[in-house]
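Q: Pasted the sequence and its predicted model underneath.
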Amino acid sequence: MLGDRSSQEPLSVADFAHVTHFAEFTDFTDELFGRLARADQRRWAHAYLQALLLTPGKKTMRRLAATVSDSPTASQALHQFVNASPWDWKQVREDLARHVERRAPARAWVVAPAVLPKRGMHSCGVHRRFVAQEGRAVNCQLAVGAFLATDRGEMPVDWRLHLPESWLASRPSRLRARVPDRAAPRTPSGDALDLVDTAARSGPPRSLPVVAHLGGHGDARELVVGLDARGADFLVAVPDSMPAPLTRQLRPGVPVAHRPYRLFTDPRTGQRWLTNLVRHPAPELLALTGASLGVRSALDRLADDFGLRDFEGRSFPGWHHHMTLLSAAYAYQALAHQQPGARAEALARPA
């Protein structure tokens, strides 16, 4: 351990300097969390990000707390900050998207799922779902994430936790997990469209195409209809069963914009894509669909290095708080690592 931190204060400047440039890190956390109402919330946001960056292996609350404090009550304090403290994750995510866009201009929004396996059925939104990669049904949470595709990688900036109708139908489960009363059941494709709507309202200040690959967890037709109705430029991964001569109305009774579509196959993966960017040359389209591959890599890193699958809290706000914090930690490390002239220790991690 690094000295006596029984006061539960986060790491000191001296403690943290050997891992990252402390002033830059402080500026980053102040930019994202400076609006939090209370000083203790801002202090523990700083500490939680430090812990995510510094703690090797599994990111349990106990191990995260041990990284930033010697106090026996630090774990409870971090748990309180993430699971019970009433701070607005939506505003932090908006600020994170703006931060990323200023430092690494984006070329697309990428929407993708993340399956988070769970041992029991008590965490918010846990349900049984068939996962093609596993070849079987598993107990899991299903998250749908929005990533900004930049020349410095794909950065997670927003999330939806999929809440199946069967789960929302249980009022005790909703109350126990503190799910807002306004939450209504949506398909994973509906979660993706909700992310797109949020990005349109509060994301980077310019229109970006949407690259969506839900990997068998959503309805490609629902996505196409929804994106077309919103007037968005899009590339949507579609199953082989979708016919090439697509009709202009993919679902009866749902009006869509009268723009042509183009169906093409990515030679790197064999995945078929549907797009309304019909005038873009093939290399540009492949560069955009390549961002979907970049998101897969980002999800692996989020799981291996930032605790994507490790969160043990059971509340809806707690899950969103944790996902916001790990997204911020990921973006900080990725941008510091590749920033021209940045100090080498900005990305150093303990062995």
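A: Good, I have the coordinates. On a predicted model such as this, the values are computed, not experimentally measured, just so you know. Numbers count the residues shown, from 1 in each chain.
Q: which residue ranges form the strands in the protein?
A: Assigned by DSSP state E, the strands in the chain fall at 106-117, 127-131, 136-150, 153-161, 210-212, 234-238, 262-265, 272-275.
Q: Point out the most buried one among the ones you listed.
A: Highest mean neighbour count among the strands of the chain (mean count of other Cβ atoms under 10 Å): strand 210-212, with a mean of 28. C-beta: built from backbone N, CA, C; applies to glycine.
Q: So in that sheet, which strands flank that one, and in what orientation?
A: In the sheet, strand 210-212 lines up against strand 106-117 (parallel), strand 234-238 (parallel) (DSSP bridges).
Q: closest to Val295 out of these?
A: Closest to Val295 of the strands paired with strand 210-212, according to Cβ to Cβ: strand 106-117, at 4.6 Å.
Q: could I get the strands paired with strand 210-212 as CSV with distance to Glu94 and mean pLDDT?
A: Shown next, in CSV, are the strands paired with strand 210-212 (distance: least, Cβ to Cβ, whole Å; pLDDT from 0 to 100):
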stretch, distance to Glu94, mean pLDDT
strand 106-117, 14, 94
strand 234-238, 22, 96
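Q: Make a markdown table from those strands and add distance to Leu32 to it.
A: Shown next, in a markdown table, are those (distance: least, Cβ to Cβ, whole Å):
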| stretch | distance to Leu32 |
| --- | --- |
| strand 106-117 | 18 |
| strand 234-238 | 29 |
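Q: Quick one, which of these gets closest to Ser123.
A: Using Cβ to Cβ, the nearest of those to Ser123 is strand 106-117, at 8.5 Å.
Q: Strand 153-161 and the closest one, what's the angle between them?
A: Following axes from the mean of the first three to the mean of the last three Cα atoms, to 10 degrees, one obtains 50 degrees for the angle between strand 106-117 and strand 153-161.
Q: For the stretch 251-351 of the chain, just list every one of the helices.
A: Along the stretch 251-351 of the chain, counting by DSSP state H, counting those that start in this stretch, helices occupy 282-305, 316-338.
Q: buried set for the last one?
A: Buried positions in helix 316-338, judged by neighbour count with 16 or more other Cβ atoms under 10 Å: 316-336, 338.
Q: Tell me what angle that helix forms with strand 106-117.
A: Angle, helix 316-338 to strand 106-117, by the same axes, to 10 degrees: 130 degrees.
Q: which other helices and strands contact helix 316-338?
A: helix 22-33, helix 39-54, helix 89-103, strand 153-161, helix 282-305 (3 or more Cβ pairs under 8 Å, 6 or more residues apart in numbering; DSSP states H and E).
Q: Which elements pack onto the third one?
A: Contacting helix 89-103 under the criterion 3+ Cβ pairs under 8 Å, 6+ apart are the following elements: helix 22-33, strand 136-150, strand 153-161, helix 188-202, helix 316-338.
Q: Any chance of the helices of the stretch 251-351 of the chain in JSON lines with distance to Thr26 and mean pLDDT as columns?
A: Below are these laid out as JSON lines (distance: least, Cβ to Cβ, whole Å; pLDDT from 0 to 100):
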{"stretch": "helix 282-305", "distance to Thr26": "22", "mean pLDDT": "95"}
{"stretch": "helix 316-338", "distance to Thr26": "11", "mean pLDDT": "91"}
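Q: closest to Arg62 out of those helices?
A: The minimum distance between Arg62 and the helices of the stretch 251-351 of the chain falls on helix 316-338, with 14.6 Å, by Cβ to Cβ.
Q: Can I get that closest one in CSV, CA atoms only?
A: In CSV, the C-alpha atoms belonging to helix 316-338 read as follows (Å, rounded to 0.1, in the frame of the first residue of the first chain):
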residue,chain,number,x,y,z
PHE,A,316,-30.2,0.4,-12.2
PRO,A,317,-28.5,3.7,-11.2
GLY,A,318,-25.5,1.8,-9.9
TRP,A,319,-25.0,0.0,-13.2
HIS,A,320,-25.2,3.3,-15.1
HIS,A,321,-22.8,5.0,-12.7
HIS,A,322,-20.3,2.2,-13.1
MET,A,323,-20.6,2.1,-16.9
THR,A,324,-20.1,5.9,-17.0
LEU,A,325,-17.0,5.7,-14.9
LEU,A,326,-15.4,2.9,-16.8
SER,A,327,-16.1,4.6,-20.1
ALA,A,328,-14.4,7.7,-18.8
ALA,A,329,-11.4,5.7,-17.6
TYR,A,330,-11.1,4.0,-21.0
ALA,A,331,-11.3,7.3,-22.9
TYR,A,332,-8.8,8.9,-20.6
GLN,A,333,-6.3,6.1,-21.0
ALA,A,334,-6.8,5.8,-24.8
LEU,A,335,-6.4,9.5,-25.5
ALA,A,336,-3.5,10.0,-23.1
HIS,A,337,-1.7,7.0,-24.6
GLN,A,338,-1.9,8.3,-28.2
